[in-house]
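>>> task: produce atomic coordinates for the following.
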Amino acid sequence: MFYFLQIVCHGMEDKMFPLPNCAPGEWGPKKAHRQFMMTPVSHQKGVISAENNLKVKFTLGMPLVFLAKLKMNEVDDKFFQDFVDAQFDDDHLRVKVGFPTEGQYGLDIYAKPKDAPADQPLAHACKYLINVTNVTNQIGFGLAKIENAIEACMGCWGPQKTLGLLGMTPLSHPDWKVKSNARVIMMRFQAPADVVVSAHLVKEPEDDYKEHLLVQRESEEAVKVLVQGITKPGNYMLMMFARADSEDSTVYNNVFNYLIKSTVGQ
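Residues are numbered from 1 along each chain as shown. So this is what the prediction gives:
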């Protein structure tokens, strides 16, 4: 005898959101253990709850090289490049993540044997689903989504309160408005040796220009940021980020925002 059950749904009380667009496959570290002899030390389950920072640790059964990527729906992956760091030796992997804002993230970890050919691509090892419920120093989500960078930062131009707290001072461009017809612009900042500096560049309204940036340390007390390869006139926004270089500090803070009015080619 067979019974049939019919379920009728007249509506939804809560809206369902898609999971972060990570590589296909199961969540959690089991795949990494099967394929790469990676044993999870810190997080054995595929779903993680976190605040501010996250450290994921593995012991390794063989020497590997790694790449870690942080994902969030509707946010360009490039924005997260400076918020995740994979540190490893022949015996251990430590992935450090600092979250720019609250929300749901995906963490993809890729690996390949250390003695593999240089042209062999890394394979997907595992992924985690991370629910972040609290971030003390949030970076405005309008910046992350780059929907309209100029509008998102109205009222937030120039130095931010964390600039002085990290011991940073602009050496070359103290004014947040920069007008230039040059293809290359160099910004210089005083920055202590224990401060890590990063940057992001967008062109109004929503073009990502991060590949046109180069951040270099000039000395123990100075950092330079090169905005290069600008070939189109328009409004550009340069967002400066920094964090203390320590084991317990993985969160970048927005320290300075520039509006660059480029007249190149005009």
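>>> so what touches stretch 76-89?
For stretch 76-89, the external contacting residues (CB atoms under 8 Å, 6 or more residues apart in numbering) are 60, 64-72, 93-100, 107, 109, 144, 146, 198, 200, 208, 210, 241, 250-252. Yep, even glycine has a C-beta here, placed from its N, CA and C like the rest.
>>> could you pull out the buried residues of that stretch?
In terms of neighbour count (16 or more other CB atoms under 10 Å), stretch 76-89 has its buried residues at 76, 79, 80, 82, 83, 84, 86, 88.
>>> just the ones in strands from the residues you listed, please.
Mapping the buried residues of stretch 76-89 onto strands (DSSP state E) picks out 84, 86, 88.
>>> switch those over to JSON lines; also include distance to residue 129.
JSON lines is the format used below for these (distance: CB to CB, whole Å):
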{"residue": "84", "distance to residue 129": "15"}
{"residue": "86", "distance to residue 129": "18"}
{"residue": "88", "distance to residue 129": "22"}
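>>> nearest to residue 173, of those residues?
When those are compared for distance to residue 173 (CB to CB), residue 84 wins out at 28.9 Å.
>>> now the nearest residue to the closest one once chain neighbours are set aside, what's its secondary structure?
Closest residue to residue 84 in three dimensions, ignoring its sequence neighbours and counting by CB to CB, 6 or more residues apart in numbering: residue 70, at 4.5 Å. With DSSP: H, G, I helix; E, B strand; the rest coil as the basis, residue 70 sits in strand.
>>> surely residue 70 touches residue 104?
No: with contacts counted by CB atoms under 8 Å, residue 70 stays clear of residue 104, the gap being 11.5 Å.
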